[in-house]
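*Asks:* Show me how the following folds:
(chains A, B, C and D)
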There are 2 protein chains.
Amino acid sequence: MSVAEQPYHHGSLRQVLLARAESTLEKDGVDGLSLRQLAREAGVSHAAPSKHFRDRQALLDALAESGFLRLTAALERAVEEAEPHARARFAALAGAYVSFALEHRELLALMYGNKHAPGAASQVVEAGHASMDLTVRIVTEAQAAGDIGPGDASRIALVAFATFHGIATLAAGGMLDGAPVDEVVTAASDTFWRGLAQA
Amino acid sequence: MSVAEQPYHHGSLRQVLLARAESTLEKDGVDGLSLRQLAREAGVSHAAPSKHFRDRQALLDALAESGFLRLTAALERAVEEAEPHARARFAALAGAYVSFALEHRELLALMYGNKHAPGAASQVVEAGHASMDLTVRIVTEAQAAGDIGPGDASRIALVAFATFHGIATLAAGGMLDGAPVDEVVTAASDTFWRGLAQA
DNA sequence: ACCTGAACACCGTTCAAGT
DNA sequence: ACCTGAACACCGTTCAAGT
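*Replies:* This next block holds a predicted model:
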């Protein structure tokens, strides 16, 4: 409970607010997120956050952007650690996406909640594209290796990404009806892969 | 602007609140939904809604449940109107899901926002299951007709539903990068179908 | 540059009281 | 049964003023 000794200037208020916001988000949902409460926890006045985030929406946008950056990082890590076959990388991508969704349910909802301030939208969307680009890369590699048929790689990647995303959100929403997550992920990845190989 | 003449009892306050809530939801998002504002628009005191909805969350739950009911109805209609082949029905299902998502973006976000009061959760989840059951039925028919391979129909349906859901949410969130919705839906439906046929 | 303190308009929720 | 009116605690946002 003890607050630091920064005499007047907090020093890193923005960072502190973002960090606390994220843990509160996952605990209480978006509705439980209050700028005033965050300020209290950081030991500053309720008006201080406004210098770092124009309004509540700006804080949410910042959280969403950071979420996309970390999702992309998690996907990249999973792909690197997977066996160097396109199909294994494909499955790793799906698995990592679902893991991220389960660990950051509220954050994921925020990321895809199509709530974006006019200005921040481009930044958030851009951060989201990075994950998609990664998928495009794997599809292209798979095509080069002759594992899957030809076709617009970005179109194929988009459908693949949508599939992973759908399972991830259903899983995060507890709508898998008790079906083991791993099995569903594997089933989806395999079915989709077969469909591509045959194209 | 003129308010009705119901002298004291409103008569159908619950219905009126739900209807207005839905149009406000689609216009201003969940955050723009206020019980007090709704009461004002209905011409009653701000405390009146509490007799029909315990709290704000109860109103959101009611909206989500009605959303699932209508989604299921829309899917059923699409399946009936499609050509009587499993594959055509499959594609119709995907198309109808995406159409619903585009027409009711905010409502869909609410439906899958894993926000549910402890009691209402079961009702909302149950309403969501109806859409899934419809998908199971089509998968079973396709298996009986020999169009797709054997396997746990509910598991296959779950993956199919997740795929449709993923494309629908991506489309609703404007994350299709300008790719024509119809093409993406067709590509997903076709790829998935090929994967199933080959299983 | 960064933060405070007061002020404003708006909430959700509760509860005695009215019809 | 259904609704009112006042009350309470909490918001987000703004803005002059302090350091």
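*Asks:* Quick one: classify residue A:150 as helix, strand or coil.
*Replies:* Under DSSP: H, G, I helix; E, B strand; the rest coil, residue A:150 falls in the coil class.
*Asks:* One more: residue A:22?
*Replies:* helix.
*Asks:* burial count for it?
*Replies:* For residue A:22, the count of nearby residues is 19 (other Cβ atoms under 10 Å in any protein chain shown). (C-beta placed from N, C-alpha, C; glycine too.)
*Asks:* can you map out the helices along chain A?
*Replies:* A:13-28, A:35-42, A:56-81, A:86-103, A:105-111, A:120-144, A:153-172, A:181-197 (DSSP state H).
*Asks:* Please name every helix or strand in contact with the longest one.
*Replies:* Pointing back at helix A:56-81 there. Here helix A:56-81 touches helix A:13-28, helix A:86-103, helix A:105-111, helix A:120-144, going by 3 or more Cβ pairs under 8 Å, 6 or more residues apart in numbering or on different chains; DSSP states H and E.
*Asks:* is DNA strand C contacted by that helix?
*Replies:* No - if you take Cβ under 7 Å from any atom of the strand as the test, helix A:56-81 misses DNA strand C, and the best it gets is 12.8 Å.
*Asks:* and of the helices of chain A, who's closest to residue B:138?
*Replies:* Nearest to residue B:138, of all these, is helix A:181-197, at 15.5 Å by Cβ to Cβ.
*Asks:* picking up where we left off before, can you redo the helices of chain A as CSV with mean pLDDT?
*Replies:* Converted to CSV, the helices of chain A look like this (pLDDT from 0 to 100):
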stretch, mean pLDDT
helix A:13-28, 95
helix A:35-42, 96
helix A:56-81, 96
helix A:86-103, 94
helix A:105-111, 94
helix A:120-144, 90
helix A:153-172, 93
helix A:181-197, 91
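*Asks:* could I get those as a markdown table with distance to residue B:69?
*Replies:* Below are the helices of chain A laid out as a markdown table (distance: least, Cβ to Cβ, whole Å):
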| stretch | distance to residue B:69 |
| --- | --- |
| helix A:13-28 | 29 |
| helix A:35-42 | 36 |
| helix A:56-81 | 30 |
| helix A:86-103 | 26 |
| helix A:105-111 | 22 |
| helix A:120-144 | 31 |
| helix A:153-172 | 19 |
| helix A:181-197 | 25 |
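*Asks:* any idea how far the closest residue to chain B within chain A lies from DNA strand D?
*Replies:* The minimum distance from chain A to chain B, using Cβ to the nearest Cβ, falls at residue A:166 (2.6 Å). Separation of residue A:166 from DNA strand D (Cβ to the nearest atom of the strand, to the nearest Å) stands at 31 Å.
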